[in-house]
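[1] the following block contains a protein sequence and its predicted model.
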Amino acid sequence: MPIDVERARRDTAGCTNVTHLNNAGSALPPRQVVDAVVHHLRLEEEGGGYEAALAETDRIEHVYGALARLIGAGPHEIALQENATRAWDMAFHGLRWQPGDRILTGRSEYASNAIAYLQTARRYGVRVEVVPDDEHGQISVPALRELIDERVKLIGVTHVPTQGGLVNPAAEIGEVARAAGVRYLLDACQSVGQLPLDVREIGCDLLTAPGRKYLRGPRGTGFLYCSERLLESLEPPFLDLRSAVWTGPDSYRVRDDARRFESWENGVAGRIGLGVAVDYALDLGLPAIEQRITELAEGLRERLRALPGVRMHDRGVRQCGIVSLTVDGHDSSDLLRELRAQRINLSVSTVGQARWDLAERGLESVLRASVHYYNTEQELDRLCAALPAPRPTGLG
Ligand SMILES: Cc1ncc(COP(=O)(O)O)c(C=O)c1O
């Protein structure tokens, strides 16, 4: 069933205020999500935080089942966290390293992941190797295969980068990882909620995502999928009384399920809202969501191609809802401010967020327009009409 855009917009208060093309940053939540969060905050206000959580146990438990359905996992393989980076950290820093171990990653890796790899390299003498791109700008699977040997301990890849429309070939990477018996950590921050995903088809061992982006959930939410085949061998970098049980004066036992990666205190209202956001996405259907987003993004690229001085920077065989662009003679941050003043929300990706990719391409920053299914053709026209004419570049 195609998306009922009118209905989706009626559910989304923000649609009447702004042209929101910053869904890769933080999407507009539907009313149902906001209502669920506010409802829980009211319960906390009226009867106490712990008591509210107790009363809403079923709704909290539901979040695990909903996320599991979304990505084809089991509820016991899901851990909730306050953001995607913390979820990623809990998995990554749970791995054990020996000097000389190798981490293989891609050019489009997100800054926080890259920094964690580099920190680990410094601490343990691990080697971080960036797999080259193929001619389309996606990670080269043959090059990845070539680089595999017994020292490779992790393949860590970003599915959809923050800085462009590329969709990396996650399942092909999974085949390489599986054949080599190497752990595979997929950063799915920009693909969860945007594309249909199945962790068994992809073959990843670990996957992370936030709630606020394409899932349209509350800020301050995120999750980790940890495959059950890895659960026992992956000990979180830190434990507390939620992730482990204090069994005796000198002993403790780590939980069996993925909640070993959680911590005791958390934002319950946000988590309940995340569950509602996942239900909302599942009701619409991920194939329909992807189709609508892809069509809108293609429509935007087509419009932008017709504008003088506008350059697009998206790479990859398969492209998604993130459109990266520059306008000749204009600074992307200035454009961002000017557009925001007209109630058109975009964002800017800077070289510091994706150095292995943007620096290589000589790009200091790009303007990022990220569409969601509730956006309209008229909004795309609005953006294009608001972009300025190019200015001459260089000194001539
Ligand atoms: C590809 C990618 N990975 C990781 C993150 C970090 O997610 P969070 O801010 O929820 O920690 C982002 C955020 O923009 C992202 O785009």
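    Yes, it's here.

[2] so where's the chain shaky on pLDDT?
    394-396 (pLDDT under 70).

[3] spell out which parts of it neighbour the ligand.
    By Cβ under 6 Å from any ligand atom, the residues of the chain that approach the ligand are 83-85, 110, 112, 158, 161-162, 187, 189-190, 210, 222. For the C-beta atoms, the positions are set from N, CA and C on the backbone; glycine is no exception.

[4] among the residues you listed, which ones are in helices?
    The members of those that map onto helices under DSSP state H are 84, 85, 112.

[5] filter those residues down to the buried ones, PyMOL style.
    Buried members of these can be picked out in PyMOL with the line below, counting by 16 or more other Cβ atoms under 10 Å:
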select buried, resi 84+85+112
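
[6] need the ones in helices among the residues of the chain next to the ligand in a markdown table with distance to residue 337, can you?
    Formatted as a markdown table, those follow (distance: Cβ to Cβ, whole Å):
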| residue | distance to residue 337 |
| --- | --- |
| 84 | 27 |
| 85 | 26 |
| 112 | 25 |
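
[7] if I pick the closest residue in space to residue 234 that isn't next to it in sequence, what's in contact with it?
    Distance criterion Cβ to Cβ, 6 or more residues apart in numbering; nearest residue to residue 234, sequence neighbours excluded, is residue 94 at 4.5 Å. Residue 94 makes contact with 234, 235, 236, 237, 261 under the criterion Cβ atoms under 8 Å, 6 or more residues apart in numbering.

[8] looking at this, residue 94 is in a strand?
    No: per DSSP: H, G, I helix; E, B strand; the rest coil, residue 94 lies outside any strand segment and is coil.

[9] for it, grab phi and psi.
    When quoted as degrees, to the nearest 10, the phi and psi of residue 94 stand at phi -90, psi -10.

[10] for it, give its distance to residue 158.
    19 Å (Cβ to Cβ, to the nearest Å).

[11] cool, and residue 371?
    20 Å.

[12] residue 97 now?
    21 Å.

[13] looking at the two, which has the bigger crowd around it?
    residue 158 (28 against 16; other Cβ atoms under 10 Å).

[14] who's the more buried one bridged to?
    residue 187 (DSSP bridges).

[15] just to check, it is in contact with residue 107?
    No: the pair residue 158 / residue 107 is not scored as a contact, 9.4 Å apart, by Cβ atoms under 8 Å.

[16] list the contacts of residue 153.
    Applying Cβ under 8 Å, 6+ apart, the residues near residue 153 are 95, 97, 101, 102, 103, 126, 182, 183.

[17] got the buried residues for stretch 66-82?
    66-68, 70-71, 73-82.

[18] next one: stretch 258-270
    258, 259, 260, 261, 262, 263, 266, 267, 268, 269, 270.

[19] with stretch 109-128 instead?
    109, 110, 111, 112, 113, 114, 116, 117, 120, 121, 126, 128.

[20] can you tell me what sits against that stretch?
    85, 88-89, 92-93, 97-103, 105, 130, 151, 153, 156-158, 161-162, 187, 189, 352-357.

[21] same check on stretch 286-304?
    1-3, 5, 70, 165, 193-197, 281, 310, 312, 314, 319-323, 325, 369, 371-373, 375, 377, 380-381, 383-384.

[22] and for the closest residue in space to residue 137 that isn't next to it in sequence, the neighbour number?
    The shortest distance from residue 137 to any non-neighbouring residue, by Cβ to Cβ, 6+ apart, is to residue 315 (2.7 Å). Residues lying near residue 315 (other Cβ under 10 Å) number 23.

[23] pretty sure residue 315 is in a strand, no?
    No: according to three-state DSSP, residue 315 belongs to no strand; its state is coil.

[24] that one: what's it in contact with?
    133, 136, 137, 138, 164, 165, 166.

[25] pretty sure the third one sits against residue 316.
    Yes: counting by Cβ under 8 Å, residue 137 does reach residue 316; the two are 5.6 Å apart.

[26] quick check: neighbours shared by these two?
    residue 166.

[27] which parts of the stretch 201-350 of the chain are helices?
    228-231, 268-284, 286-305, 332-341 (DSSP state H, counting those that start in this stretch).
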